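Curious how this folds, go ahead:
(2 chains)
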Protein chains: 2
Amino acid sequence: MSTSQMDALLDAVAFDASGLVAAVAQQHDTGEVLMLAWMNRAALAETIATGQACYWSRSRGALWRKGETSGQTQRVVDIRLDCDRDAVLLLVDQTGVACHTGRRSCFFEAVRDGALVPVSAPLVDPAALYGA
Amino acid sequence: MSTSQMDALLDAVAFDASGLVAAVAQQHDTGEVLMLAWMNRAALAETIATGQACYWSRSRGALWRKGETSGQTQRVVDIRLDCDRDAVLLLVDQTGVACHTGRRSCFFEAVRDGALVPVSAPLVDPAALYGA
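Residues are numbered from 1 along each chain as shown, chains lettered A, B, ... in the order given. Predicted coordinates for the structure are as follows:
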């Protein structure tokens, strides 16, 4: 992709007043929704250029190359924009687990009879992902 | 669900400074990601109470009872929160199409060779959904 193509593509995205868009990561073959994170222009550009998911960490105020610390990377299979172009859907191949709790998906609590109930268990010990 | 249960549940959600959380709607049986919208406390409360997806329209500044105009409602099968409790995943049974363009999913543009390319076609004429 040329620089001008990349610029035109990024210009088409409706980043919000904070320069961000919501990005949903979905496992490409099973359809499991893994996580929701945020991207700024640089994160989306890097994701497109490298084929590896890169987000913007709002808490750290820095690019978040998914899996850089944990090894739980996301290879990007396809990138979709929604009709308003203010949300991104990444179809990915997730290595290991997406969630920092050690679960495959971050969406592990369900509303059941008026309470929040975990519906999946950690597959790995977070300490093993991030060091003790 | 009692009022106190509902309040406790809503208190657990990390609404942002604008009082909103991102909400992803996914077709419960096929896994297709249909749309991303926003919910405030009232929208989430109504969704839980009625079992029909209700969002907050940022453009209209009003509750958005999905399908109220178009008939394209979303029956809620399950409600999930993510690990930070600042994003919602709705597993729904979508009547008809989710997108105002007449497509099943709002995420219909893909990044292909440096350009945005539609990867699905409208199933219905938007004029038929919203009146001419």
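
For the residue of chain A found nearest chain B, give me its contacts.
Among the residues of chain A, A:Gly31 lies closest to chain B, at 2.3 Å counting by CB to the nearest CB. Placement of C-beta: from N, CA and C, glycine included. A:Gly31 makes contact with B:Gln26, B:Thr30, B:Gly31, B:Glu32 under the criterion CB atoms under 8 Å, 6 or more residues apart in numbering or on different chains.

Just the buried ones among those, please.
Among the contacts of A:Gly31, those scoring as buried are B:Gln26, B:Glu32 (criterion: 16 or more other CB atoms under 10 Å in any protein chain shown).

what about A:Val97, helix or strand, and which?
Assessed by DSSP states H and E, A:Val97 sits outside every helix and strand.

who's in contact with it?
Per CB under 8 Å, 6+ apart, neighbours of A:Val97: A:Gln72, A:Arg103, A:Arg104, A:Pro122, A:Leu123, A:Val124, A:Leu129.

Next one: the last one from A:Glu32, what distance?
Counting by CB to CB, to the nearest Å, the separation of A:Leu129 from A:Glu32 is 19 Å.

Surely A:Leu9 is within a helix?
Yes - checked against DSSP: H, G, I helix; E, B strand; the rest coil, A:Leu9 lies within a helix.

surely it meets A:Ile48?
Yes - with contact defined as CB atoms under 8 Å, A:Leu9 counts as touching A:Ile48 (7.1 Å).

Near the closest residue to A:Gln5 other than its chain neighbours, how many other residues are there?
Distances taken as CB to CB, 6 or more residues apart in numbering or on different chains place B:Gly114 nearest to A:Gln5, at 3.6 Å, with adjacent residues excluded. Using other CB atoms under 10 Å in any protein chain shown, B:Gly114 has 13 neighbouring residues.

My guess is B:Gly114 contacts A:Met6. True?
Yes - using CB under 8 Å, B:Gly114 is in contact with A:Met6, at 6.9 Å.

Skipping its backbone neighbours, what lies nearest the residue lying farthest from the centre of chain A in space?
Here chain A reaches farthest from its C-alpha mean at A:Asp113, the gap being 29.8 Å by CA atoms, centre = their mean. The spatially closest residue to A:Asp113, leaving aside those adjacent along the chain, is B:Met1, at 7.4 Å (CB to CB, 6+ apart).
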